[in-house]
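Trainee: sharing a model prediction with you, sequence too.
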Amino acid sequence: MPSINLSLWGRANAAFRNKDFNTAVTLYEEAFSTADDAIKERIHFNLALARKKAGVPLKSNDNQLEKPDDLDQYYFDLIKQGNFFDPDWYLAQYKEKHAIAGNPLAHYLAHGVALSTNPSPDFDTAYYLKTHQDVAKSGMHPLLHFVCQDHKEDHPARPLSAKEDLDIYQPEAPQYVPRLAPDAPPVEKAVRAIAFYLPQFHPIPENDAW
């Protein structure tokens with residue numbers, strides 16, 4: 001079973017929810033360094049989001065990112081500045097499987113859609129195309145669409161687990177509504193009745209009995 005320092009993970013999530021993003025970055029980094037490989041991908045997603053919120057520059061990769069010859073400089077700058085392509089991770093995942101030689105970014109842009117490879121743990125190519133049918137039909141590369149538009153709205157580019165949904169999108173804390181004092185004047189129309197009409201779409205005996 002994957003192990004993780006739950007104390008660090010919980011404190012990092014709490015700091016994120018409280019908008020203390022710099023503290024969240026520090027705690028996520030510490031949790032990432034001590035977690036099993038099976039759980040690191042989940043921490044990496046939260047860490048990248050916390051870094052973005054805190055305005056912390058993303059760490060550079062060991063392999064220098066190179067611009068493919070046929071990629072517009074504008075797109076390359078967006079990919080590089082946002083750290084949307086991780087060459088180290090990409091080569092570790094796919095180099096042997098797909099016999100990658102040369103520029104890994106060029107390989108992904110040319111073959112990623114057909115091979116269902118991903119540019120980083122935070123972007124799922126097949127999932128993005130499935131959830132963005134307009135992009136799939138247009139023929140635009142999903143990563144280029146994401147770096148130009150979708151990432152600005154913090155839309156997930158890969159499926160999130162139920163745990164991650166709770167970690168990132170926390171509801172507001174409940175607020176206590178004090179009871180009225182015993183001598184308080186009566187409140188008019190304190191409760192409003194709302195009726196719901198449930199139409200019967202299927203005439204079957206069970207529904208007809210209503």
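Mentor: Looks like it arrived, so ask away.
Trainee: quick one: least confident helix or strand in this protein?
Mentor: Lowest on mean pLDDT, DSSP states H and E among the helices and strands of the chain sits helix 162-168, with a mean of 48.
Trainee: show me the shaky parts of the protein.
Mentor: Low-confidence segments of the chain, defined by pLDDT under 70: 1-6, 37-38, 40-41, 56-63, 150-155, 160-173, 189-210.
Trainee: give me the contact list for the helix or strand where residue 14 lies.
Mentor: Residue 14 is part of helix 6-17, with elements assigned from DSSP states H and E. For helix 6-17, the external contacting residues (Cβ atoms under 8 Å, 6 or more residues apart in numbering) are 21, 23-24, 27-28, 30-31, 34, 43, 46, 49-50, 53, 167-168, 170. All C-beta spots, glycine's among them, are computed from the backbone N, C-alpha and C.
Trainee: could you rerun that using 7 Å?
Mentor: Around helix 6-17, the neighbours that count as contacts under Cβ atoms under 7 Å, 6 or more residues apart in numbering are 23, 24, 27, 28, 30, 31, 46, 50, 167, 170.
Trainee: quick one, helices of this structure?
Mentor: Ranges of helices within the chain are 6-17, 21-34, 37-54, 73-82, 87-98, 104-115, 125-131, 133-138, 142-148, 162-168, 205-208, based on DSSP state H.
Trainee: can you lay out those as a markdown table showing mean neighbour count and distance to residue 175?
Mentor: A markdown table is the format used below for those (neighbours: other Cβ atoms under 10 Å; distance: least, Cβ to Cβ, whole Å):
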| stretch | mean neighbour count | distance to residue 175 |
| --- | --- | --- |
| helix 6-17 | 18 | 16 |
| helix 21-34 | 19 | 24 |
| helix 37-54 | 18 | 25 |
| helix 73-82 | 15 | 37 |
| helix 87-98 | 15 | 43 |
| helix 104-115 | 19 | 47 |
| helix 125-131 | 17 | 34 |
| helix 133-138 | 12 | 40 |
| helix 142-148 | 21 | 37 |
| helix 162-168 | 14 | 20 |
| helix 205-208 | 8 | 40 |
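Trainee: out of those, flag the one nearest residue 185.
Mentor: Ranking the helices of the chain by their distance to residue 185 (criterion: Cβ to Cβ) puts helix 6-17 first, at 39.6 Å.
Trainee: next, the angle from the closest one to helix 21-34.
Mentor: Angular relation of helix 6-17 and helix 21-34 on a 0 to 180 degree scale: 150 degrees, by axes from the mean of the first three to the mean of the last three Cα atoms, to 10 degrees.
Trainee: convert the C-alpha atoms of helix 6-17 to PDB, please.
Mentor: Provided in PDB are the C-alpha atoms of helix 6-17 (Å, rounded to 0.1, in the frame of the first residue of the first chain):
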ATOM      1  CA  LEU A   6      -0.300  12.100   6.400                       C
ATOM      2  CA  SER A   7       0.700  14.900   8.800                       C
ATOM      3  CA  LEU A   8       2.600  16.700   6.100                       C
ATOM      4  CA  TRP A   9      -0.100  16.000   3.500                       C
ATOM      5  CA  GLY A  10      -2.800  17.300   5.900                       C
ATOM      6  CA  ARG A  11      -0.900  20.400   6.900                       C
ATOM      7  CA  ALA A  12      -0.100  21.200   3.300                       C
ATOM      8  CA  ASN A  13      -3.800  20.900   2.300                       C
ATOM      9  CA  ALA A  14      -4.800  23.000   5.200                       C
ATOM     10  CA  ALA A  15      -2.300  25.700   4.300                       C
ATOM     11  CA  PHE A  16      -3.600  25.600   0.700                       C
ATOM     12  CA  ARG A  17      -7.200  26.000   1.800                       C
END
